[in-house]
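Participant: The sequence and its predicted three-dimensional model are supplied below.
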Amino acid sequence: MSDLDPSQPAPRLASAGMVDEWSHLLPGPDRSAFVAAYTEAEADVGRLKAVLSRYFSTWKTSLMADDLSRLQMLGTYVQIRDYVKVIWIEDDSDEFGETSPSESSAIWPRHENGQVVAEALGVELLKSMLAAQQLCPVRLEIRDKHTVSARSDPEKAVILARDILHGADLAVTDFVLRKQSPKTTIIVVELSAEHQGQDTGYSILRKAELCLSQNLYSFLAEDVLLHAPALKELSLSFSQPRHMAHTPPFILHNATLPALERLEISMARLSAPTIMAILSKSKQSLTGIKFRLTTLVNNSTWAELLNRICNEFPNLTWFELIHLSEGPNRQFRITFLGLEKDSVVGEPYKNGLKLQLKAPVGGNKRIPWVEYGGPDANHVLRIVAKYAVAAPVP
């Protein structure tokens, strides 16, 4: 983000007393540096805007203790709050590792199931400021971080995002729910400030990246995906146990998604009918598809699925296939051996084709990764489907 964002108000040179008050909006270590930088900028409007943007464009808060007091103060300073573009919400969990936090640390209280006790945080204050447009961010970030003894569950982590978003009257353009590590789940919500306060909700959501677990039905399915008529790009991954077949909640509810242009599925165990149900309205709109670390179950095969995709989605321009498998226990690993031969994919198609040939010492050669980008994606995918062989895992 540019320090000289024209949408930001031109600052007036503030008195030393006012600058000192503004500095108390910041964490202790940043206060003296901010005062020095602001004073050095003097009456240069460009430099003043750059200083204010540098220190206030990202507002990090735990919504607890001193952070909550600073958030309340922020609402009273119009000249400063307009610079806040990113609200970053997390507690101090990762600062301690295996050691115990100090009494002054902001550690989110949790229910026995690991869910954050939202009532103990300043969620209502933040929501009221967003609803009143005292804050007009372009992005919300939430990091759910667990200690060494617990794992982060996207199902539990996203509930805090739900509690913040419900009633805040925001306009969501991009929604990300991702497991960054076994201990950390991140939620990133991109917003349209110009549509804030207009009861827009998810109606202009165009891109969603979701990590689903067992019971993410109501929020991600009913509140997000099924209220996003403009959704064009969807990425799905799963955090359920490996032995469980995955069925996205909107499939269970017999609901259909909008016409997608791009679908990416990873870390999943799905049947071919489930995948085709996800794409039921996308036959003319789909231009790109990706499968990564995906296992087909219930007697589905990749050769059949890929052949259906190239036949039923005529406008493909890109596909990528990475480490695919079949069978309830991933007994069969998919290889595309033979595609490396010049006679199989000839000119001009091979110009857009990329693949990885693995030839381990003492083992069988295999091709676990294939990608193509170009106007002949359907034709090339049809060839790829013919060479999709399910080889027993040694």
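Facilitator: Thanks, I have the structure now.
Participant: Now do the same contact list for residue 204.
Facilitator: 171, 172, 173, 192, 195, 230 (Cβ atoms under 8 Å, 6 or more residues apart in numbering). The C-beta positions use only the backbone N, C-alpha and C, and glycine is treated the same way.
Participant: buried sites along whichever helix or strand the third one is part of?
Facilitator: Using DSSP states H and E, residue 173 sits in strand 172-181. With burial defined by 16 or more other Cβ atoms under 10 Å, the residues of strand 172-181 counted as buried are 172, 173, 174, 175, 176, 177, 179.
Participant: which SS class is residue 281?
Facilitator: coil (DSSP: H, G, I helix; E, B strand; the rest coil).
Participant: Now it: closest residue in space, sequence neighbours ignored.
Facilitator: residue 259 (4.8 Å; Cβ to Cβ, 6 or more residues apart in numbering).
Participant: that older thread, and which of the contacts of residue 204 is nearest to residue 238?
Facilitator: In terms of Cβ to Cβ, no member of those lies closer to residue 238 than residue 172, at 22.3 Å.
Participant: returning to that earlier point: dump the buried residues of strand 172-181 into a markdown table; add pLDDT as well.
Facilitator: A markdown table is the format used below for these (pLDDT from 0 to 100):
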| residue | pLDDT |
| --- | --- |
| 172 | 95 |
| 173 | 97 |
| 174 | 96 |
| 175 | 95 |
| 176 | 94 |
| 177 | 91 |
| 179 | 87 |
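Participant: What values do phi and psi take at residue 60?
Facilitator: phi -100, psi 130 (degrees, to the nearest 10).
Participant: so what's it up against?
Facilitator: Residue 60 makes contacts with 27, 88, 89, 90, as judged by Cβ under 8 Å, 6+ apart.
Participant: Could you report the separation of it from residue 124?
Facilitator: As judged by Cβ to Cβ, to the nearest Å, residue 60 and residue 124 stand 19 Å apart.
Participant: related to what we said a few turns ago, what lies in contact with the strand holding residue 173?
Facilitator: For strand 172-181, contacts defined as Cβ under 8 Å, 6+ apart pick out 143, 152, 154, 157-158, 161, 165, 185-192, 200-202, 204-211, 220, 224, 237, 239.
Participant: repeat for stretch 321-331
Facilitator: 242-243, 245, 290-297, 300-302, 306, 332-334, 336, 368-371, 384, 388, 390, 392-393.
Participant: Could you list the buried residues of it?
Facilitator: 321, 324, 325, 326, 327, 330.
Participant: ok so, going back, filter the contacts of stretch 321-331 to the buried ones?
Facilitator: 245, 290-292, 294-297, 300-302, 306, 332-334, 336, 368-370, 384, 388, 390.
Participant: Just name the closest of the contacts of residue 204 to residue 44, please.
Facilitator: Using Cβ to Cβ, residue 192 comes nearest to residue 44 of those, at 31.5 Å.
Participant: My understanding was that the closest one contacts residue 202; is that so?
Facilitator: No: under the criterion of Cβ atoms under 8 Å, residue 192 is not in contact with residue 202, lying 11.3 Å apart.
Participant: Compare those two (neighbour count), which wins?
Facilitator: Under the criterion of other Cβ atoms under 10 Å, the comparison of residue 192 against residue 202 puts residue 202 first, with 21 against 17.
Participant: who touches the more buried one in this structure?
Facilitator: 172, 175, 223, 224, 227, 228.
Participant: For the closest residue to residue 374 other than its chain neighbours, give me its contacts.
Facilitator: Sequence neighbours aside, residue 352 is the residue nearest to residue 374 in space, at 3.4 Å (criterion: Cβ to Cβ, 6+ apart). Counting by Cβ under 8 Å, 6+ apart, residue 352 touches 372, 373, 374, 376, 377, 380.
Participant: and with 10 Å instead?
Facilitator: Neighbouring residues of residue 352 by Cβ atoms under 10 Å, 6 or more residues apart in numbering: 317, 318, 345, 371, 372, 373, 374, 375, 376, 377, 380.
Participant: Quick check: PyMOL command selecting the buried ones in the residues you listed.
Facilitator: In PyMOL syntax, the buried subset of these is picked out as below (16+ other Cβ under 10 Å):
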select buried, resi 345+372+373+374+376+377+380
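Participant: how about the contacts of residue 352, which pair is most distant?
Facilitator: Farthest-apart pair in those is 317 and 345; separation 16.4 Å (Cβ to Cβ).
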